[in-house]
Each structure stands twice: as structure tokens, then as C-alpha cells.
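A.B. asks: Compute the structure for the input listed below.
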Amino acid sequence: MPLAATLLAAVALPAGLAAGLLGSPAQAALRAPASPARAAAPAAFTHPGVLVSRSQLDFVRGRVQAGAQPWKAAYDQLHTSAYDSLGRTPKPRAVVECGSYSNPNYGCTDEREDALAAYTLALDWYITRDSRYAAKAIQIMDAWSGTLKDHTNSNAPLQSAWSASTWPRAAEIIRYTYGGWPADRVDRFKTMLRNVYLPKVVNGSQSNGNWELSMTEATIGIGVFLDDRTVYDKAVATFRGRVPAYLYLTSDGPLPRTAPGSGLTTRDKIVSYWQGQTTFVDGLTQETCRDLTHTGYGLSAIAHVAETSRIQGQDLYPEIADRLRNALGFQAKYELGTAVPSWLCGGALKQHLGPVTEVGFNALHNRLGYAMTNTQNLTEQRRPAGTDNLFTAWETLTHANNPN
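C.D. replies: Next comes the predicted model:
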């Protein structure tokens, strides 16, 4: 089936599939909690509009120029990073090959870091209006769009997702605020997003949930940059199916929900997918008992998708607010040092969250008014939030207390 037809068919799936629970559709409906009213898709796209909007960027620029904290320290962190170097030489490849945990790593790190550099430079351009930063961002984006043809090996979908989550942020800022990116190069970049990245991410994944969430983030960003409503709507449909299957609430019932097409048709399969955890509480994620680092990837992607949707006038936050605020708070509690009980992940949590809380915390606490004590304490303790060197970067700068 052609890609466009595949997307249209996917968007047309009944919303009830998102429940994905055991038993008949009627049983699933009986045990599903009431959901917030669903926001309608945007009639037209807002630019720049992937993760950060013009009004958000204007707020950041004003705070940095005023020397206000935490934005000035966050800008200094960005400005002194290797990603902001005007001497950076991009390292594009025709084929990026990434195995599990980037082994082998043929261009994987180079691609992700060049994408992050383009975004970093685009932010610095907007804040300083120094055109050298915009020109360098364009050089990096042009180098890759003129070279890249494919991603291969087992991590190709995730590698594509991480990189394509970042590229559209950079491209949106440059295309809509700078004016010096030649139209033919913009078109070539659009072709790269559509032909190289989109086929790898648009249909999601039944791997651990952070994969599909990052793939969804990439898809929604690509949809915005391409002004492609079908791609955007497919991302939203996937998001609505995956988030309730990744972030548990006790109102879901005795077992977590499952994503459409998961094949998780028995209790044993669900428990295995949730890393062997058998006690389910508000805020637990599908990967909490795997490790907090991968959990953070999922939480970050969820907030990023919701933030982009909000900028586009759809605002998915109210639909996921209870899940996301509980998940952030649950993970933050243990990051802050609360002893892990024996019923949770065998009494031990592995690794740590990355710099992933700013976007969701700002949206849920500052905009929507939820009390989030643990998340607030963790977020403020770790400012300024830097980058995970994958797809999350500079979010104290862009989103801390940002009212726009």
C-alpha cells in the first residue's frame, strides 16, 4: 500500500482501539475511565512550531538579554557547548548504520550530534541575531540533506526517530525567522525528511514504548515542517494509542492498557512487557523497571509531542495530564532519594532520568496549575538542564517558566 494510503487508513482507525485491553470491545469500554474531551486538529500550521514557538523564543530572548536566571545560565551553558561551535564540521553519510546500543556505530553519533548542533545554533541565532549561527545551522542541514539516503541495522528506526525529532526544530526556526536559507535547499531538506526519515518512523513500533514515542515525536515534527496534515494526524493517532499504554493509572484497572496492534493478549504477556512488574500504581511506566534513563526518553518524547500540538492549536496536554504528571512525580520521587520499596522493580531502580522534566513541568504546573512538588524539586535542583546528546537539549533555556 502507498505511504499516503497507509497513513490515511491508520488515521481512520476507531479511537476505541486505543484502549487495547483484554477481552471484548464491550468489556474494554466498561473498564476504561472517562477521558477528557479530545482537542481538534489544527486548521492550519503555525511556524516556527516544533517544540518552540516564536512567542516562546521571544520570551527566552528577553530573559537572556535581561540577564535573568535561570535563563542566562542556561544560555551560557548552550553557548559554551561544543554544539554551538562556529568551527563545527558536519559529518554526513549516505548510509547511517546503527545496531543495538549503537553497535555498530557508523555515523550514528555524528548524525544525532549534528542535528543537535543545528538546533543549538538556531537557538543562538534567534537569541543573539548573529547571522553566523544561522549560516552554520544551514551548512549542517544542507550537508546532511545532500548526502543521506538511508538508515540500516536494528536501531535504524530509533536512530531515525532521535535525529528526526531534532532536525525539524532547527529547520523551523531557521526557515521562518532567518530568511537566508535558499528555497532549493529547503526543498531538499524537506525531501530528506519525507523520503529518508518518515518511512522509518511513521508506522511506529511494538518494541519498548520509548521507541514508538520518539518515532511519534519525529513524525509530528516532520508533519509540521512539511505542512502535511495527514502525517501530523497519524502522529496524533499513534500518540493517543501509545501514551495510555506507557503511563499507568489505577483507573485503567488491574492491568495496564495495551497499544493497538501490540499482541499483548494475556496477563503474562503484559507483565513481561512491563519488565516483570506485577504491582501497578499511579505513575508507573512501562519501562520504570527497565531503567530510568529509557523511561526518561519516553517521558521527554511525550512532553515534546504535546508541546508541539499545543503550539499548533490542538493541545493534547489535557488528554494526558493525569498520566504525565503522575509519571513525572513518581520517577522524580525516587530520583530525589526516596527508598525503593520491595514491591517495585524488585526493590531497586537502575540508572537515572536525563534532563527531561522541564517541558512537561512547565506545561502541567505553570500553565495548567497542577501541584507537582517532587517534579518541581527535581527540576529546580538540576537547572540548567543540558542535553542527553540524543534528542533532548537546553530545555531550561526554552521552557523554564515560559508562559507562552
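A.B. asks: quick one: the strands in this structure?
C.D. replies: With DSSP state E, the ranges of strands along the chain come out as 49-50, 52-53, 95-98, 105-106, 150-152.
A.B. asks: ok, the closest residue to Phe280 other than its chain neighbours - how many residues close by?
C.D. replies: Among residues not flanking Phe280 along the chain, Tyr248 sits closest, at 5.2 Å (Cβ to Cβ, 6 or more residues apart in numbering). Using the backbone N, CA and C atoms, a C-beta is placed for each residue, glycine as well. Look at Tyr248: counted by other Cβ atoms under 10 Å, it has 26 neighbours.
A.B. asks: quick one: contacts for Tyr197?
C.D. replies: Counting by Cβ atoms under 8 Å, 6 or more residues apart in numbering, Tyr197 touches Ser160, Ser163, Ala164, Trp167, Ala218, Ile222.
A.B. asks: could you list every residue that touches the fourth one?
C.D. replies: Under the criterion of Cβ under 8 Å, 6+ apart, the contact partners of Trp167 comprise Ala115, Ala118, Tyr119, Met141, Trp144, Phe189, Leu193, Tyr197, Gly221.
A.B. asks: what's the distance between the closest residue to the fifth one other than its chain neighbours and Gly146?
C.D. replies: Read that as Trp144. Nearest non-adjacent residue to Trp144, counting by Cβ to Cβ, 6+ apart: Pro92, 4.5 Å away. Distance of Pro92 to Gly146, computed by Cβ to Cβ, to the nearest Å: 7 Å.
A.B. asks: And these two? Which one has more around it.
C.D. replies: Legend: neighbour count by other Cβ under 10 Å for Pro92 and Gly146, higher for Pro92 (18 against 12).
A.B. asks: check contacts around the residue nearest in space to the middle of the chain.
C.D. replies: For the chain, Ala301 is the residue whose C-alpha lies nearest the centre (Cα atoms, centre = their mean; 2.2 Å). If a contact means Cβ under 8 Å, 6+ apart, then Ala301 has Ser165, Asn210, Leu213, Ser214, Thr216, Glu217, Phe391 as its contacts.
A.B. asks: Assess the claim that the fifth one and Gly204 are in contact.
C.D. replies: Yes - taking Cβ atoms under 8 Å as the definition, Thr216 is a contact partner of Gly204 at 6.9 Å.
A.B. asks: ok, the two, which is more surrounded?
C.D. replies: Thr216 (30 against 25).
A.B. asks: Report the contact partners of the nearest residue to the residue nearest to the centre of the chain once chain neighbours are set aside.
C.D. replies: Closest residue to Ala301 apart from its sequence neighbours, by Cβ to Cβ, 6+ apart: Leu213 at 3.8 Å. Going by Cβ under 8 Å, 6+ apart, Leu213 touches Phe239, Arg242, Val243, Tyr246, Tyr297, Gly298, Ala301, Ile302, Val305.
A.B. asks: Just the ones in helices from these, please.
C.D. replies: Phe239, Arg242, Val243, Tyr246, Tyr297, Gly298, Ala301, Ile302, Val305 (DSSP state H).
A.B. asks: Next, give me the two most distant ones among those residues.
C.D. replies: Phe239 and Tyr297 (15.0 Å; Cβ to Cβ).
A.B. asks: And the closest residue to His79 other than its chain neighbours, how far from Asp130?
C.D. replies: Nearest non-adjacent residue to His79, counting by Cβ to Cβ, 6+ apart: Asp124, 6.3 Å away. Per Cβ to Cβ, Asp124 is found 7 Å from Asp130.
A.B. asks: Comparing those two, which shows the higher neighbour count?
C.D. replies: Asp124 (24 against 13).
A.B. asks: sorry, back to before: now, which of the contacts of Ala301 sits nearest Tyr75?
C.D. replies: Proximity of the contacts of Ala301 to Tyr75 (Cβ to Cβ) peaks at Phe391, which lies at 20.2 Å.
A.B. asks: burial measure for that closest one, as a count.
C.D. replies: For Phe391, the count of nearby residues is 25 (other Cβ under 10 Å).
A.B. asks: per-residue confidence at it?
C.D. replies: As predicted, Phe391 sits at a pLDDT of 98.
A.B. asks: same check, this time on the one 4 residues further on
C.D. replies: Predicted confidence (pLDDT) at Glu395: the value is 98.
A.B. asks: give me the number of residues near it?
C.D. replies: 30.
A.B. asks: Also Tyr106?
C.D. replies: Tyr106: 16 surrounding residues under other Cβ under 10 Å.
A.B. asks: List the contacts of the nearest residue to it once chain neighbours are set aside.
C.D. replies: The shortest distance from Tyr106 to any non-neighbouring residue, by Cβ to Cβ, 6+ apart, is to Glu97 (4.1 Å). Glu97 makes contacts with Pro104, Tyr106, Gly107, Cys108, His151, Thr152, Asn153, Ala156, as judged by Cβ under 8 Å, 6+ apart.
A.B. asks: one more time with 7 Å
C.D. replies: The contact partners of Glu97, taken as Cβ atoms under 7 Å, 6 or more residues apart in numbering, are Pro104, Tyr106, Gly107, Thr152, Asn153.
A.B. asks: Can you check those residues and name whichever has the most neighbours?
C.D. replies: Going by other Cβ under 10 Å, Gly107 tops those with 22 neighbours.
A.B. asks: Looks like that residue contacts Ala94 (just checking).
C.D. replies: No - checked against Cβ atoms under 7 Å, the pair Gly107 and Ala94 is beyond contact range at 9.0 Å.
A.B. asks: Next one, pLDDT for Val11 please.
C.D. replies: 39.
A.B. asks: before we move on, what about Pro42?
C.D. replies: On pLDDT, Pro42 comes in at 80.
A.B. asks: What is the burial count for it?
C.D. replies: Other residues near Pro42 number 18, with proximity taken as other Cβ under 10 Å.
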